[in-house]
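In: Build me a model from this:
(one chain, ligands or ions: 1)
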Amino acid sequence: MKKSNTKLNQAANLLRDSKHTIVFTGAGISVESGIPPFRGEGGLWEKYDPIVLDLNYFLQNPKASWQALGELFYGPYGDAKPNEAHYALARLEKQGIIKTVITQNIDNLHQEAGSQNVYEFHGTLQTLVCLDCGEKYFAKQINFDNLPPRCLKDNGILKPDVILFGEAIPEEAASQSAKEALQADVILVIGTTGEVMPACMIPYKAQENGAKVIEINPNKSNYTDSITDVFLQGKATEMMQALEVELRS
Ligand code: APR
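Out: I've put the predicted structure just below:
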């Protein structure tokens, strides 16, 4: 006799029977690594005006924008570590249960946890580029004491390789993510409000193509009452660990 048909059991069965499961993550998966979300309780947009992440604002006010970027991302959260949810996803990838992680996050925590197949829809904080000559730098090379950081070659202003509002999504991330959304028969959506276009369209695309949607979030999102098939209401670390236990049972 099959065990009671709990939501965890339903989710585990979907993952077991899946041929191509992809994962779509947002800021919520990194909250338990100490990085605040953007929206909701304690969200960064309560303290900062999102304009600081706008491309035109950055180009016109590089110093002010860099001060915010420094506080928002390179400062206290710069040394955040992956949490159990990131590690669980890396383990599931090694077991062949999930194929790809498409993340909106720029914190590199999926890669640090060992996930190999990761597409960063909003770029990364790890590298910076000179707006004049295109020279690339690693964030570790930069002295953030004097802002904006400048290129050693031509003194041009450096910009982090994150996608600011108004900036195009990196071509490879966009095309690979669209391909994955078409190929997926299950999509696991973790820690995102589903607010920001075009990233937020990925779960809708997968679902339209017949994928089942499993969602992990302590709160409801734009997906929960519209396309989510199995809503695992809770924190990412708790739900991912419970899911791993269920998959082993
Ligand atoms: N575990 C899982 N989810 C959580 C947790 C947790 N411990 N804590 C909070 N959440 C959920 C919140 O309920 C919310 O749904 O994480 C989500 C965070 O939502 P947002 O802050 O809107 O983050 P995200 O959806 O990734 O934002 C998308 O907006 O500002 C831009 O570029 C930025 O990539 C970001 C994009």
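In: can you give me the helices in this structure?
Out: When assigned using DSSP state H, the helices of the chain occupy the ranges 7-17, 55-60, 62-69, 84-94, 109-112, 171-183, 201-208, 236-248.
In: TSV for those helices, including mean neighbour count and distance to residue 153?
Out: (C-beta placed from N, C-alpha, C; glycine too.) Supplementary listing: the helices of the chain in TSV, determined by neighbours: other CB atoms under 10 Å; distance: least, CB to CB, whole Å:
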stretch	mean neighbour count	distance to residue 153
helix 7-17	17	48
helix 55-60	16	20
helix 62-69	18	17
helix 84-94	21	35
helix 109-112	21	28
helix 171-183	16	25
helix 201-208	20	37
helix 236-248	18	41
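In: wait, which of these is closest to residue 145?
Out: Judged by CB to CB, the one of the helices of the chain that comes nearest to residue 145 is helix 62-69, at 11.5 Å.
In: CA atoms only for that closest one, dumped as PDB, please.
Out: Taking C-alpha atoms only, helix 62-69 is exported to PDB below (Å, rounded to 0.1, in the frame of the first residue of the first chain):
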ATOM      1  CA  PRO A  62      28.200  55.700 -11.400                       C
ATOM      2  CA  LYS A  63      29.500  56.700  -7.900                       C
ATOM      3  CA  ALA A  64      26.000  56.800  -6.200                       C
ATOM      4  CA  SER A  65      25.100  53.500  -8.000                       C
ATOM      5  CA  TRP A  66      28.400  51.900  -7.000                       C
ATOM      6  CA  GLN A  67      27.900  53.000  -3.400                       C
ATOM      7  CA  ALA A  68      24.500  51.100  -3.300                       C
ATOM      8  CA  LEU A  69      25.900  48.100  -5.200                       C
END
